[in-house]
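Chemist: Below are the sequence and a predicted model; questions follow.
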Amino acid sequence: MQDEAHYRLPRTVVPSRYDLTLEPDLAEGRFAGSEVVTVSVEEPVDEIVLNADDLELSGGRLEGPGGTLDVTSIRQDPETERAHLSLSGTAEPGEWRLSLDFRGRLSDQLEGFYRSTYKDDAGQTHVIATTQFESTDARRAFPCWDEPDLKAVFGVTLVAPDGMLAISNGPEIDREALGDGRVRVTFAETMSMSTYLVAFVVGPLEATEPVDADGVPLRIVHRPGKQDLTAFAKDVGAFSLRFFADYYGIPYPDRKMDMVGLPDFAQGAMENLGCVTYRESLLLVDPDKATQPEVATVADVIAHELAHMWFGDLVTMRWWNGIWLNEAFATLMELLAVDAYRPDWERWSQFLRSRAIAFEVDALASTRSIEYPVRSPDDAAGMFDILTYTKGAAVLRMLEQYLGAERFRDGIRRYLDEHRFGNTETHDLWDAIEKATGEPVRRIMDGWIWQGGYPLVSARLKGGQLELSQRRYLISGEEDDTVWDVPLLVRTAQGTDPVLIEPGGVAFGVPARDPIVVNAGVHAFVRVDYDDELLGRLTADLTSLSTDERTQLVDDTWAAVVAGRRSAVDFCRFAESFRDETELPVWQSLLQGLGWCERFLSAGPREHFRSWIRGLLWPAMYRIGWEPRQDERELDKPLRGALMAALGILGADPQAFGMAMEIERESRGDGQVDPSLVAASVGIVAAGGTPQDFERYLEAMRSARTPQEELRYLYALPEFRDAMLLDRTVGMTLSDEIRTQNVPGVLARSMANREHGTRAWTFVKEHWEEIVEQVAPTTLIYVADGVRYLTEPEQVKDAAAFFGAHPIPQSALQLEQILERQRVNEAFRKRATPELMSAFGAGAELG
Ligand SMILES: [Zn+2]
């Protein structure tokens, strides 16, 4: 095994500025470029080593204090993605200018300098050349020192066909017609920054008029005809830029902001300084036609990327081990900003829904610590997962709430100010917050960052004392002696106080009879196990718990079912005590568990379950009403949608199905129908849909008016419970009917199909090589994710054997987690099926 140094370039020559010129040939899918890199030679060299991958280099000379040296030969090593330039003499220490010419081809795998295409209304295809460099693909666009701490200033020039939009990180400062149908566009130089943040986009795109965000001109770049979907992004973008400048106490570090919607994009979005790129569905939205979660997701992603302009772009991780902090922190800031933008969205409550998934993964034996030593950039590829983004953000939120929001913010300000334009390690952040607050931040956080898993906090009453102890929570139930410093809040009738549970536990006096909430506000990343007395006090009056506390209680209870410590039938009884529940995340958590229960039922008991769930849901549905009301809360709309979808799909309710048919048809016309009801209806109709409905859905997808509508219909296709239709859906993933970026999502959803998931899995196995070639390597793991739903013993063996022979090295640990989770689900199915079949055997009453 090689150590990190093996993957680092020699520091004998380091860059400080790149003057880059690039000219993409959109029709031929190629590009040509030249660069002059200002470098500092630190010790005498007769060879320069830098990164270049899939590039054809030519020419080359070095000019400096000792005159001019020629590059006499170039040796490229595809293995290390490096170029070795031999010089005609020795370059002595000092400042030199290295000139190189190069050519390459535009990638079709959504990485490096790549091609994205779209068809206009007349059916004509248009090509865009755009970039995605993180983590190490800048080297596929231009030769460079492609490591995050080798920061430099970038002066970019693009040569583009006249009439095409050309943008980069800095604002345009010069434009010269070349007289042959081409134009040379020069951009202002950037601040000193990492190579992975460079971006350029050339293509038939349009930009909106700028909006002024306290002196920063902000534009939305989109394909022609989509201008009417840009207002929301402008509004959130401007809000976020102001919010962060204020929170961080530092002005925005670039001179303009372009947010670019691209038809093809591997991940969600990318924080290139001043030129942020997005999937269209995460930038372009019509708030009147999209559901609250669809609109909120756009806000989340925009706020996340703009948070990075400071945390990530201005102050950057020294090496790729720091990816987790970069992403976890941007996720925390995204939540803070969106919560400030729309308090009525109750963003923190919704965060519990994604945090529940992090809890699931982190309870596996194959989980990992948030931070780990990273040698090669490939080691870091596995860091872009739920543990980084969601658990990472959750433990930062835990610290923020324990310290207090203002003290935490003061620490962040101190950190950014001390390290502006620089690179850092994780402990630099802890040290800054520690200095600002005087709390043992490094000690507390090290346990959370360097150890996988999380604690189950046991709360026991003993002689008027509350005893809090901890042990690691593992689904397997295995013993494990990992311990943490757990900062949390405890609420009694006398108030809410911070408590630090040290490894040995803690005890203190509490009031005799009142409810006691351990982990009040549920900010700590722990599950809580109350003794019977304490639990009884809480469930006697669920209204003594906040929405978030009830949501977490449901999640903790469901987790105990999956792990085999409670029965699935218990969970159904527990769900009955929520008949008066009015809050969206609580219902979402309940319905998710009940959805799994439904998968394990068949024949008569399934019918009884359906009628039981209708009995559970109808009162809630009556309470909220089918029609949106003028004065209702914002989240009542998605709650109505969630209840309707559950009635229609889990409850097979004929009335819900009839309404869904009507609403879905109506929504395709010109009238205004509530988007939450439309989204629910699209799902319900698909689950009970016919081949004719399928054809209509395909047409609706093709002619969709917004990216959200297109995705809604696309992702409904795998929900049709008809073998032939599912075969058609998975078959389409290898045609140009479905964009590469959406293929993993369609295949995973197809494997989750309740009746025919196995057919989709067979398709995936048979076409694996084609899928691997087609999708972006970092997204292949999302295809594999679908096997979690295949829980028959032979399927579990089959998946293990298949992935044994077809590993996914860039996501090896995530694959291991998926397979472990599949085994957990297999055991769960085996236990729960007879219990549920028997409990629902006699009728719709739980025996
Ligand atoms: Zn990010």
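Modeler: Right, received. Where do you want to start?

Chemist: who's in contact with the helix or strand containing D174?
Modeler: In this assignment (DSSP states H and E), D174 forms part of strand 172-177. Residues external to strand 172-177 that are found in contact with it (Cβ atoms under 8 Å, 6 or more residues apart in numbering): D162, V183, R184, V185, T186, F187, A188. In this view, the C-beta of every residue, glycine as well, is placed from N, C-alpha and C.

Chemist: any idea how far the residue nearest to S99 when sequence neighbours are not counted lies from G452?
Modeler: Spatial nearest neighbour of S99, chain neighbours left out: V36 (5.0 Å); criterion: Cβ to Cβ, 6 or more residues apart in numbering. Counting by Cβ to Cβ, to the nearest Å, the separation of V36 from G452 is 47 Å.

Chemist: same thing with V41?
Modeler: 44 Å.

Chemist: next one: P628
Modeler: 44 Å.

Chemist: more neighbours, the two?
Modeler: G452 (20 against 15; other Cβ atoms under 10 Å).

Chemist: what does this protein have sitting close to the ion?
Modeler: E327, A330 (Cβ under 5 Å from the ion).

Chemist: most surrounded residue in the contacts of strand 172-177?
Modeler: Of all the contacts of strand 172-177, the highest neighbour tally under other Cβ under 10 Å goes to F187, namely 24 neighbours.

Chemist: Run through the residues that contact it.
Modeler: F187 touches G155, V156, T157, L158, I167, S168, N169, G170, P171, E172, I173, counting by Cβ under 8 Å, 6+ apart.

Chemist: Quick check: the farthest pair among the residues you listed?
Modeler: For these, the farthest-apart pair by Cβ to Cβ is G155 and I167; their separation is 14.7 Å.

Chemist: and the contacts of F187, which are buried?
Modeler: Neighbour-count burial (16 or more other Cβ atoms under 10 Å) applied to the contacts of F187 gives G155, V156, T157, L158, I167, S168, N169, G170.

Chemist: Low-confidence regions, this protein specifically.
Modeler: 1, 847 (pLDDT under 70).

Chemist: Where is the longest helix in it?
Modeler: helix 812-839 (DSSP state H).

Chemist: so what secondary structure elements neighbour that one?
Modeler: Applying 3 or more Cβ pairs under 8 Å, 6 or more residues apart in numbering; DSSP states H and E, one finds that helix 812-839 makes contact with helix 347-362, helix 547-562, helix 568-576, helix 584-599, helix 603-624, helix 780-784, helix 793-805.

Chemist: Can you list the buried residues in it?
Modeler: Buried residues in helix 812-839, counted by 16+ other Cβ under 10 Å: 813-829, 831-833, 835-837, 839.

Chemist: With stretch 148-167 instead?
Modeler: Counting neighbours by 16+ other Cβ under 10 Å, stretch 148-167 gives 148-161, 164-167 as buried.

Chemist: before we move on, what about stretch 512-520?
Modeler: Within stretch 512-520, the residues scored as buried using 16+ other Cβ under 10 Å are P515, I516, V517, V518, N519, A520.

Chemist: Secondary structure element holding the residue nearest to the first one when sequence neighbours are not counted?
Modeler: Okay, so that is P515. Excluding its sequence neighbours, the residue lying closest to P515 (Cβ to Cβ, 6+ apart) is R537, at 4.4 Å. Assigned by DSSP H and E, R537 belongs to helix 532-539.

Chemist: What lies in contact with that helix?
Modeler: Residues contacting helix 532-539 (Cβ under 8 Å, 6+ apart): 459-461, 513-518, 530, 544-545, 553, 577.

Chemist: can you rerun that using 6 Å?
Modeler: Contacts to helix 532-539, defined as Cβ atoms under 6 Å, 6 or more residues apart in numbering, come from residues A459, L461, P515, I516.

Chemist: Stretch 780-794 too?
Modeler: So stretch 780-794 is contacted by 744, 747-748, 751-752, 757, 761, 799, 808, 811, 814-815, 818, 821-822, 825-826, 829 (Cβ under 6 Å, 6+ apart).

Chemist: one more time with 7 Å
Modeler: Here stretch 780-794 makes contact (Cβ atoms under 7 Å, 6 or more residues apart in numbering) with 744-745, 747-748, 750-752, 757-758, 760-761, 764, 771-772, 799, 803, 808, 811, 814-815, 818, 821-822, 825-826, 829.

Chemist: With stretch 414-427 instead?
Modeler: So stretch 414-427 is contacted by 148-149, 151, 191-192, 248, 250, 310-311, 314-318, 322, 325, 371, 428-429, 432, 435-436, 442, 449 (Cβ under 7 Å, 6+ apart).
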